[in-house]
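J.: The sequence and its predicted three-dimensional model are supplied below.
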Amino acid sequence: DGRHVRFGSFDTAVEAAVAFARAAGQAPAVVTEADGLRLHVSSVNSTGYRCVYASDSGRFQARRDVDGRDVFLGTYDTAVEAA
């Protein structure tokens, strides 16, 4: 019908792609491999990746549970880097 629809502003291309896919009624596509490594995708985490969380600064933190302890792995510019 020629209408333009605005989904919002996003800090990363991954966040924008997820918003578009959700609005279009599709499952968001996420990168499953980077630099020869298999990334662990998640359908329940808003970043699309297991153990990757958006921080208040707009960057992404990688954390995981090891022997019952929350282990901080680092802060990264993108969700793919954190994954």
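T.: Arrived safely.

J.: distance of the nearest residue to Val71 once chain neighbours are set aside from His4?
T.: Spatial nearest neighbour of Val71, excluding adjacent residues (Cβ to Cβ, 6 or more residues apart in numbering): Arg64 at 5.8 Å. No exception for glycine: its C-beta is placed from N, CA and C like everyone else's. Taking Cβ to Cβ, to the nearest Å as the measure, Arg64 falls 41 Å from His4.

J.: so the residue nearest to Val71 touches Gly74, yeah?
T.: No. Here Arg64 lies out of contact with Gly74, judged by Cβ atoms under 8 Å, at a distance of 11.3 Å.

J.: Of Arg64 and His4, give the one with the bigger neighbour count.
T.: When Arg64 and His4 are compared on other Cβ atoms under 10 Å, the one with more neighbours turns out to be Arg64, at 13 against 4.

J.: what's near enough to touch the more buried one?
T.: Under the criterion of Cβ atoms under 8 Å, 6 or more residues apart in numbering, the contact partners of Arg64 comprise 50-51, 70-71, 73.

J.: at 10 Å what do you get?
T.: Counting by Cβ atoms under 10 Å, 6 or more residues apart in numbering, Arg64 makes contact with 40, 50-52, 70-73.

J.: what kind of secondary structure is the residue positioned nearest the centre of the chain in?
T.: By Cα atoms, centre = their mean, the mean C-alpha position of the chain lies nearest to Thr47, the distance being 2.4 Å. When the structure is reduced to helix, strand and coil (DSSP: H, G, I helix; E, B strand; the rest coil), Thr47 reads as coil.

J.: All good on my end, thank you.
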